[in-house]
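S.K.: Quick one, what's the 3D model for this:
(chains A and B)
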Amino acid sequence: MSPSPTVAPAIELIGIDKKFGAVHANKNINLTVAKGSIHGIIGENGAGKSTLMSILYGFYQADGGAIRINGKDTVIHDSQAAITAGIGMVHQHFMLVENFSVLENVILGVEGGALLGRGVSDARSALKRLEADYGLEVDPDAIIEELPVGLQQRVEILKALYRGAEILILDEPTGVLTPAEADHLFRILGVLRDQGKTIILITHKLREIMAITDTVSVMRRGEMVATRQTSGTTVEELAELMVGRRVLLRVEKGPAAPSDVVLSVRNLTVKDGRGVTMVDNVSFDVRAGEVVGIAGVAGNGQSELLEAITGIRKPASGEIFIHGQSVTGLDAARLRTLGLGHIPEDRHHMGLVLGFEESENSILGYHREGRYGRGPLLDLDACRDDAKAKIEKYDIRPPNCRLKTANFSGGNQQKIVVAREIEHDPALLVVGQPTRGVDIGAIEFIHRRLIAMRDAGKAVLLVSVELDEIRSLSDRILVMFAGHVVGEKTPDTGEQTLGLMMAGIAA
Amino acid sequence: MSTASVPLPNWITYGLMPFLNLVVAFLISGVVVWFIGESPLEAVKLLLQGALGNGEGIGFTLYYATNFIFTGLSVAVAYHAGLFNIGSEGQAYVGGLGAALASLALDHYVPWYVTMPFAVIGAAIFGAAWALIPAWLQAKRGSHIVITTIMFNFIGAAMMVYLLVHVLIVPGKMAPETRVFLEGGQLPKLDWLIAMFGGKIGAAPFNVSFLIALFMCVVVWALIWRTKFGYEIRTLGASPTAAIYAGIPYVKTVILTMLISGGLAGMMALNPVLGASARLQVEFVGGAGFVGIAVSLMGRSHPIGIVLAAILFGVLYQGGDALSFDMPKITRDMIVVIQGLVVLFAGALEYMFRPAIVRVWQRFGKA
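M.R.: So this is what the prediction gives:
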């Protein structure tokens, strides 16, 4: 849909500049977003996208430059001012009160008076209206924590619309969504645009940009390097603009040479914390020298399967063997000594301790090994030397092993985990969502490392909700649905076929 | 704008901020003193003079500080594992039993330096034992350690009173306490240490326990930051899920950490029981376990911070005593108010001034 030229742009950023100490996060940024369009902003982690949007939403003040909303100069000194100017933000990590209902979350902060009754009934009818206008169905009385992630995100969108947002900023909205949920989100965004809302989509997933944006701007190292009509550009061009060099979007790999069975799973059943069976009587093997991918929509038992294999959750029944030795029910430390490496699905909660120095994280799980200190002692120099070597080899930035891990970007945090697990040379590498929330340069790097592991004769088990990733890395694909492995396919199987299997429709 | 993630140099985080908090606490205390019609400046002068003005004052200050170092370390070790041990009070109380039994058994036969290691170990074992059941309940049953350790404070107090009244009391005496230990069961005073700085220790009960406390600071520092077990403690405290991922055994780590925490609390008993009164009395802990929580918070769970915070509270205790003696309008309760303000500002509100400091730092600090 092409915007009319007589209408003032919804947003104009003119010469926005922002420094954090020595870091020049935004350099003289100019951006024009047409009213009633979906405008994508892409860039690697640390390119300055979030800073720019934080300035627009009033979290930070720009050091220089001006903001015009609908042609009017606007000063946005806090998020309240942004809301007044009609800007709503859907954060990557939802800002919802988990044990409140949808309705309570929507009116939070705009309750309209000391007594709730009036505000609640107003909000209820307003929600009905929004639901009808935009197809945003959510049960207003549902409790947030009982809703799937996709619906929680819808509540965030409703919150913004309820506050009268005409301009919606979505920060990495699909990072937590399944492909189906993401498609649904895109349909909603399409409806919103057609109703005249302006949408800014921040992402580093090129497919999403191509799928739904009208215009796309690329940021790199704090600069706005290009703006293109989406219809007039290609994935390859955008990737190159983002990274500043040519990027291999598909992993180049030769044929696999599978040999002995390393991991063997037999009749494995796993229950989650509530006692619900999440993995039901699953059996498969992974051989040395092959990558086995497990495809499936999130929540179909892949996470629990990974947890059982890596010693985080005890299986209810069935057996797991590594090199023919039963390892069922052993803890993660014991499994590591038997040759297991584990890149977990969630680096923030499992793979890393964010408050630790980088060097402390580079030994997590292997800290009992003799090379990190004799007997009960911890040899900090040995840990730091070890960390420095990994930083060098995996190009982790900034190259400072004393820096707090929370201060690294997502891609570099993931590299810390990948470096740690691969460098301990495991016979079996179990990988969950290796590139979730990771920028494109790091994705390429991590993918090549995983293939290198395979080529070095290691067994690799890969779980990912990114079907592209599964298809480009795996030598065999197992599809999981509702706790069962519903079929095994080769990687050249069409996306459609796999998609139907993931939905439990075909086998 | 959020300032929580802006990094500040260490001298601000660990130096300037606690100092500012302390200044504010004292300013408000000054207002309180002024309200009741006394001169705040005079009060500060009396307080500091009482605590630091002469050898005896310093001796008392460091005697109190010794208690707080032990209990502060106790709270800190548990805190690193994400466990809030509110039970140092009770663990110290029961630890006194272990220390006293060692002295009662040995004081007839050996000199103090032979008794001392047995008393240290006895105090630590009894203190640790008192932490064992809450630790086990937390590790195995998920019963919250805060609740169970508080309960065990009461149980410990009741048990100790029972033992002192019915078992350990000297036959024919009225006071619920053990017999006085002979010299072989006492810890000698550190009069020579005060004398080195030209002071006289007088009646102050400042004793060898202080050196044991400093030694334990080094031990705790090494444990937390230089051992693999310390690494596991910190991992568990910072991210329980990452600890599972790393294969760090939850049950074992929780129980061992609490045993160490309880042991440190138990060792606090050496100071009053073997060092000061040379007998086991009821209520000898006198709230030091709870002060330990404030000391640990204020000292950021680091031994150096704990020593400094413990000395500060020692000053408040000793100086407060002197102050209430010289200024009758300022009662013991007023001293508790001042201590409370220090805890409030230095402990609970430790980050109150951070946003303002961050703004100043961003404007002027990084040129």
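S.K.: pLDDT value on residue A:429, please?
M.R.: Note on residue A:429: pLDDT of 97.
S.K.: Can you find the residue of the stretch 151-300 of chain B that comes nearest to chain A?
M.R.: Using CB to the nearest CB, residue B:247 is the residue of the stretch 151-300 of chain B that sits closest to chain A, at 2.7 Å. In short, each C-beta sits where N, CA and C put it, glycine included.
S.K.: In three-state terms, label that residue for me.
M.R.: Following DSSP: H, G, I helix; E, B strand; the rest coil, residue B:247 is assigned to coil.
S.K.: Ok, residue A:238 next?
M.R.: helix.
S.K.: What residues sit buried inside the biggest helix by length in chain A?
M.R.: Ordering each helix of chain A by length in residues (DSSP state H) puts helix A:116-134 first. For helix A:116-134, a neighbour-count test (16 or more other CB atoms under 10 Å in any protein chain shown) marks A:119-120, A:123, A:126-127, A:130, A:134 as buried.
S.K.: Please apply the same query to stretch A:207-222.
M.R.: In stretch A:207-222, counting by 16+ other CB under 10 Å, buried: A:208-210, A:212-220, A:222.
S.K.: how deep is residue A:31 tucked in, by neighbour count?
M.R.: When neighbours are defined as other CB atoms under 10 Å in any protein chain shown, residue A:31 has 20 of them.
S.K.: mind checking how far residue B:235 is from residue B:273?
M.R.: 36 Å (CB to CB, to the nearest Å).
S.K.: tell me the SS of the residue in the stretch 251-400 of chain A that chain B sits nearest to?
M.R.: Going by CB to the nearest CB, chain B is nearest to residue A:333 of the stretch 251-400 of chain A, at 2.7 Å. For residue A:333, the secondary structure call by three-state DSSP comes out as helix.
S.K.: so who does it touch?
M.R.: A:311, A:365, A:368, B:246-249 (CB atoms under 8 Å, 6 or more residues apart in numbering or on different chains).
S.K.: between the buried residues of stretch A:207-222, which is closest to residue B:118?
M.R.: residue A:222 (66.1 Å; CB to CB).
S.K.: So that closest one sits against residue A:25, correct?
M.R.: Yes - using CB atoms under 8 Å, residue A:222 is in contact with residue A:25, at 5.5 Å.
S.K.: overlap in contacts of those two?
M.R.: Joint contacts of residue A:222 and residue A:25 (CB under 8 Å, 6+ apart) are residue A:48.
S.K.: Kindly present the buried residues of stretch A:207-222 as TSV, with separate columns for pLDDT and distance to residue A:277.
M.R.: Shown next, in TSV, are the buried residues of stretch A:207-222 (pLDDT from 0 to 100; distance: CB to CB, whole Å):
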residue	pLDDT	distance to residue A:277
A:208	84	34
A:209	88	39
A:210	89	39
A:212	91	37
A:213	94	41
A:214	95	45
A:215	95	47
A:216	95	44
A:217	94	47
A:218	93	46
A:219	91	46
A:220	87	47
A:222	87	50
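S.K.: From these, pick the one nearest residue B:204.
M.R.: Proximity of the buried residues of stretch A:207-222 to residue B:204 (CB to CB) peaks at residue A:222, which lies at 62.5 Å.
S.K.: What does that closest one show for phi and psi?
M.R.: phi 80, psi 0 (degrees, to the nearest 10).
S.K.: Just the pLDDT for the spatially most central residue of chain B.
M.R.: Closest residue to the average C-alpha location of chain B: residue B:68 at 2.4 Å, with CA atoms, centre = their mean. Per-residue pLDDT puts residue B:68 at 97.
S.K.: what does residue B:333 give?
M.R.: pLDDT, residue B:333: 84.
S.K.: distance of it from chain A?
M.R.: Per CB to the nearest CB, to the nearest Å, residue B:333 is found 38 Å from chain A.
S.K.: tell me what the helix or strand hosting that residue is packed against?
M.R.: Applying DSSP states H and E as the criterion places residue B:333 in helix B:332-342. Using 3 or more CB pairs under 8 Å, 6 or more residues apart in numbering or on different chains; DSSP states H and E, the elements in contact with helix B:332-342 are helix B:17-35, helix B:288-298, helix B:303-326.
S.K.: Arrange these in JSON lines, one row each, with mean pLDDT and mean neighbour count as further columns.
M.R.: Shown next, in JSON lines, are these (pLDDT from 0 to 100; neighbours: other CB atoms under 10 Å in any protein chain shown):
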{"stretch": "helix B:17-35", "mean pLDDT": "87", "mean neighbour count": "17"}
{"stretch": "helix B:288-298", "mean pLDDT": "91", "mean neighbour count": "27"}
{"stretch": "helix B:303-326", "mean pLDDT": "92", "mean neighbour count": "22"}
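S.K.: Show me which of the buried residues of helix A:116-134 is closest to residue B:23.
M.R.: residue A:119 (43.9 Å).
S.K.: If we ignore the residues flanking it in sequence, what's nearest that closest one?
M.R.: Sequence neighbours aside, residue A:112 is the residue nearest to residue A:119 in space, at 3.7 Å (criterion: CB to CB, 6 or more residues apart in numbering or on different chains).
S.K.: Next, count neighbours for the one you found.
M.R.: 12.
S.K.: Let's see the pLDDT reported for residue B:353.
M.R.: 81.
S.K.: if I read this right, it contacts residue B:21, doesn't it?
M.R.: Yes - counting by CB under 8 Å, residue B:353 touches residue B:21, with 7.1 Å between them.
S.K.: Can you list the low-confidence ranges for the chain?
M.R.: I went with chain A, as the question did not name one. A:1-6, A:21-22, A:45, A:175-176, A:178-179, A:247-249, A:506-507 (pLDDT under 70).
S.K.: could you do chain B instead?
M.R.: Applying pLDDT under 70 to chain B flags the ranges B:1-7, B:348, B:365-367.
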